[in-house]
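1. Build the 3D model from these lines:
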Amino acid sequence: MTSTAGPPPTGGGDGERQRLKLLAVTACPTGIAHTYMAAEKLAQAAESRGIDMKVETQGSIGAENILDDNDVSTADGVIVAADKDVDLSRFVGKRVLMVGVAEGIRHPERLIEQVRTAPVHTADATAAAAAAPGGRERSVAYKALMNGVSYMIPFVVVGGLLIAISLSLGGHPDPSGGLVIPKDSFWMDVNNIGVIGFTLMVPILSGYIAYAIGDRPALVPGMIGGWIANTGSLYDSKAGAGFIGAIVTGFLAGYLVLWIKKVRVPKFVQPIMPIIVIPIVATTALGLFFINVIGKPISWVFEHLTSWLGGMTGTSAILLGTILGLMIAFDMGGPVNKTAFLFGAGLIATGNQAVMGMCAAAIPVMPLGQGLATLIRQRLYTEQERETGLASLFMGCFGISEGAIPFAAARPAQVIPANMLGGAVAGAVAGLAGVKDAVPHGGPIVAVLGAVSGVPMFFVAVAIGTAVTAVTTVALVDVSERKRRGEPVGHGGIANEPELALVGAGVGVPGAGTVVAERAVRGGTVTASVVGSGSSSSRTATAVEATTDADSADAERAPGSGSPTTANPTPEVHSGYLTEQTVKVRLDAGDKGAVIREMAGLLTRTGKVVDVEELVASALRREAQGTTGLGEEIAIPHAKTDAVSAPVVGFARSAEGVEWGSLDGTKARLVFMIAVPEAAAGDEHLRILALLSRKLMNAGFRERLSAAGDESAVLGVLSEVG
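-> As a prediction, the model looks like this:
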């Protein structure tokens, strides 16, 4: 096989090469579905063309099938199908084609042809070879932002919840202002710990944005830059620049480090560059630049906003409430937010409590609205985003507007306008109703503790503002997803997996079909396989997460043990999840809904189903988000629900086939149903799905499974799975 015109092949070996040798790396943000789908598709395409290919998968449990130096030295080209950062330094001198992970699934054959003429990667390259046409590789800036957000989320959640708990259990309204916790109390210690978490979240955001761009040398300047941005006293401002300032310092630090790396230095200096020279130079330069250049405008804006608001006290209450709501919602703790808050707090001492009432109504709208959005349109959010949404709801009740920061940092173009609209509405309604707040704090907690007058209208204002924020956020995120894919969310095409952006935390999550991600290690070789063929839907990611985020709650039970409900356990296969109890040779039902109900009844035989109706409802809700028909006459309906007490797997066949909306148009004849409890965790489920999916890729295995005469014969075939 010969290569096309251009630079000579970069592989090794003597004499004329008999087979082209290619390498590939696949990676997606969550490392569950598309990482392994792309690996399988590329491997299949290469095998069909007589090309040797080794694929490294960088999935949720780490890198597997790692490409070693020998692999790289003898390779003719490298395909990197990834939506996260991949180290390309090991591929210097090789043809490298960089595309989004979706291209590895949709067009593996085209990528194999294109890599033969891809640019040769050099040590100075800041990005890999140009993306193939139609590729949707995420930008470096996007990946960096998501990286920072994902690391920031735990600090927001822990800090915010500890503050909220300490206020609710140890705080009380004080005539001198605010919710006060006695200084020598236990709850003050809890509050202080929470404050530390909140203080760290901004430098963490900045530091890990910088790290994603400039690697380890950028971490220190990024974090210190974020701390400076959040400490207004360093540049004569009453409020720091908040998370927006952290995003700025993160990107500045990252790209500054990249620039410094390009500077040629004597050889004896090179070893200390990444650990001493670069961090010191970048940190000093960035810190001084922010304090003396960026910080001054922030301080100026803060002062003039305060003066401007002071001149508006005689204007319409509705207009003033709208403006204060917009400012409160804009940066959630930043200079604009603090200007409005301190303006309202300062007027309390003069006897004007109405301005603080407007602020108090707007303060909880952002976290409450973003939390509500994750509940009303769950398919647009990752599991981590939904969990953060619940924490955000709790923080909103205690007037902690920072609970919405992870959402705003991940999707600023969608979330900040929605926040501002909801905040403006809440402030305007409170102003119109004459709501007053006697303490410099906001949220429902101040009303519960008796600091608010006009309590009913206060809650009306908060409720309306929250609803406006939630509905607007969902609409804008949905539109953004449609534009990104060029089609309606949840229909056709390949979408990138939900990213931690709020993300982890994400970044919207499309509705899900089912692709079974897997990893199997046999004879020292790691392989990656996926059920189904042809194009896959954008719904894949959530399906796999719903499936693979479970299935390990049986860990306490020894593998191969019998059913807990039988005195004489029947033989089990598939790691103890499939028995004659959960296998049926012929389905009676003829449509998807009826099949799911019949399969749920099959699973009840295990004694692990505590609510069959809820199990059916959960599986049907899952189907409403997107088909779990994989193609190749296979369907894997599934549910993550506490309607089961432990993971259960069932299998049944349909002679006529059931219309399942499979992407290749085939009817489902082989149906596996998986149900796992909400609390299921671990990697056992991944091992099971790995082995199952690998077998289902084998046409001979599917034929034997279809031809097995009875339940025992079916179990005999399934025993090949492991």
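
2. helix, strand or coil for Gly399?
-> coil (DSSP: H, G, I helix; E, B strand; the rest coil).

3. ugh, wrong one, Leu22
-> Leu22 ends up strand, using three-state DSSP.

4. Surely it is in contact with Asp52?
-> Yes. Between Leu22 and Asp52 a contact is recorded at 7.1 Å, counting by C-beta atoms under 8 Å. (Each C-beta comes from the backbone N, C-alpha and C, glycine too.)

5. so what sits against both of the two?
-> Ala46 (C-beta atoms under 8 Å, 6 or more residues apart in numbering).

6. In terms of neighbours, single out the busier of these two.
-> Between Leu22 and Asp52, counting by other C-beta atoms under 10 Å, Leu22 is the more crowded of the two (25 against 17).

7. How about the more buried one, nearest residue that isn't a chain neighbour?
-> Distance criterion C-beta to C-beta, 6 or more residues apart in numbering; nearest residue to Leu22, sequence neighbours excluded, is Met53 at 4.7 Å.

8. quick one: the one you found from Val25, how far?
-> Noted for Met53: a distance of 11 Å to Val25, by C-beta to C-beta, to the nearest Å.

9. Neighbour count: the two, which is higher?
-> Val25 (30 against 23).

10. and the stretch of helix or strand that one belongs to, how far out from the chain's middle?
-> Using DSSP states H and E, the element containing Val25 is strand 21-27. Centroid displacement of strand 21-27 relative to its chain, using C-alpha atoms, centre = their mean, to the nearest Å, is 24 Å.

11. what's next to that strand, contact-wise?
-> Here strand 21-27 has contacts from 11, 34-36, 38-39, 42-43, 46, 51-59, 67, 71-72, 74-84, 86, 101, 104, 112, 115, 528, using C-beta under 8 Å, 6+ apart.

12. Keep only those of those that are in strands.
-> Of the contacts of strand 21-27, the ones assigned to strands by DSSP state E are 52-59, 77-82.

13. who wins for neighbours among these?
-> Of the ones in strands among the contacts of strand 21-27, with other C-beta under 10 Å as the count, Ala81 tops at 33 neighbours.

14. What separation is there between that residue and Thr74?
-> Counting by C-beta to C-beta, the gap from Ala81 to Thr74 is 21 Å.

15. same thing with Ser401?
-> For Ser401, the distance to Thr74 - C-beta to C-beta - is 56 Å.

16. if you count what's nearby, which of those two comes out ahead?
-> Each of Ser401 and Thr74 has its neighbours counted (other C-beta under 10 Å); Ser401 has more, 28 against 15.

17. In contact with the more buried one, which residues?
-> Counting by C-beta under 8 Å, 6+ apart, the residues that Ser401 touches are Ile328, Ala329, Met332, Gly333, Asn337, Ile363, Pro364, Met366, Pro367, Gly442.

18. Which residue in those residues has the weakest pLDDT?
-> pLDDT across the contacts of Ser401 is lowest for Gly333, at 73.

19. isn't that one right next to Ala404, touching?
-> No. Counting by C-beta under 8 Å, Gly333 stays clear of Ala404, with 10.0 Å between them.

20. So which of the two has more stuff around it?
-> With other C-beta under 10 Å as the criterion, Gly333 and Ala404 differ in neighbour count, and Ala404 comes out ahead with 34 against 24.

21. Give me the phi and psi for the more buried one.
-> phi -90, psi 0 (degrees, to the nearest 10).

22. got it, and Val248?
-> phi -60, psi -50.

23. please renumber so the chain begins at 612
-> Done: numbering now begins at 612, and the last item shifts to Val859.

24. Tell me the helices and strands packed up against the helix or strand harbouring Val1090.
-> Using DSSP H and E, Val1090 sits within helix 1066-1096. Helices and strands touching helix 1066-1096, as assessed by 3 or more C-beta pairs under 8 Å, 6 or more residues apart in numbering; DSSP states H and E, comprise helix 965-973, helix 976-987, helix 1023-1044, helix 1055-1059.

25. tell me the average confidence for that helix?
-> Helix 1066-1096 comes out at a mean pLDDT of 87.

26. residues of that helix that come out buried?
-> By 16 or more other C-beta atoms under 10 Å, the buried positions in helix 1066-1096 come out as 1068-1069, 1071-1085, 1087-1089, 1091-1092, 1096.

27. again, but for stretch 1048-1062
-> 1048-1058, 1060, 1062.

28. just checking, Lys754 touches Lys695?
-> Yes. Counting by C-beta under 8 Å, Lys695 is a contact partner of Lys754 at 6.1 Å.

29. all strands of the stretch 712-861 of the chain, in order?
-> 783-784, 790-791 (DSSP state E, counting those that start in this stretch).

30. Just say which of the helices and strands packed on helix 1066-1096 is most tucked in.
-> helix 965-973 (a mean of 33; mean count of other C-beta atoms under 10 Å).

31. I'd like the average pLDDT over stretch 1004-1019.
-> pLDDT averaged over stretch 1004-1019 gives 85.

32. So in the chain, which strand runs the longest?
-> Longest strand of the chain, by residue count under DSSP E: strand 1259-1269.

33. Report the secondary structure state of Thr1053.
-> Slight slip there: residue 1053 is Gly, not Thr. Under three-state DSSP, Gly1053 comes out as coil.

34. my guess is it contacts Met969, does it?
-> No. Checked against C-beta under 8 Å, the pair Gly1053 and Met969 is beyond contact range at 9.7 Å.

35. Excluding sequence neighbours, find me the nearest residue to Arg630.
-> Arg630's closest residue in space is Asp663 (C-beta to C-beta, 6+ apart), at 5.2 Å.

36. mind checking how far the one you found is from Phe1009?
-> From Asp663 to Phe1009 the distance is 60 Å (C-beta to C-beta).

37. likewise Ala657?
-> 56 Å.

38. next one: Ala1037
-> For Ala1037, the distance to Phe1009 - C-beta to C-beta - is 16 Å.

39. give me every residue that touches Thr860.
-> Thr860 neighbours (C-beta under 8 Å, 6+ apart): Ser817, Ala821, Gly833, Gly836, Gly837, Ile839, Ala840, Leu897, Phe901.

40. And Gly770, by the same measure?
-> Gly770 touches Gly805, Val806, Ile807, Gly808, Phe809, Thr810, Leu811, Met812, Glu1013, counting by C-beta under 8 Å, 6+ apart.

41. Tally up the residues packed near the closest residue to it other than its chain neighbours, please.
-> Nearest non-adjacent residue to Gly770, counting by C-beta to C-beta, 6+ apart: Gly808, 2.6 Å away. The number of residues packed near Gly808 is 19, by other C-beta under 10 Å.

42. quick one: contacts for Gly808?
-> Phe766, Val767, Val769, Gly770, Gly771, Leu773.

43. Can you tell me which of the residues you listed comes closest to Glu1244?
-> Val767 (45.8 Å; C-beta to C-beta).

44. Let's see the pLDDT reported for that closest one.
-> 81.

45. now swap in Gly1119 and tell me
-> 32.

46. what's the answer for the one 10 residues further on, then?
-> We note a pLDDT of 34 for Glu1129 in this prediction.

47. for Pro784, same thing?
-> For Pro784, the predicted pLDDT is 64.

48. now Pro1182
-> Value for Pro1182, per-residue pLDDT: 46.

49. just checking, the residue nearest to Arg630 touches Ala654?
-> No. Contact between Asp663 and Ala654 fails when scored by C-beta under 8 Å: they sit 10.3 Å apart.

50. So of the contacts of Gly770, which two are at opposite extremes in space?
-> Farthest pair in these, by C-beta to C-beta: Ile807 and Glu1013, 13.7 Å.
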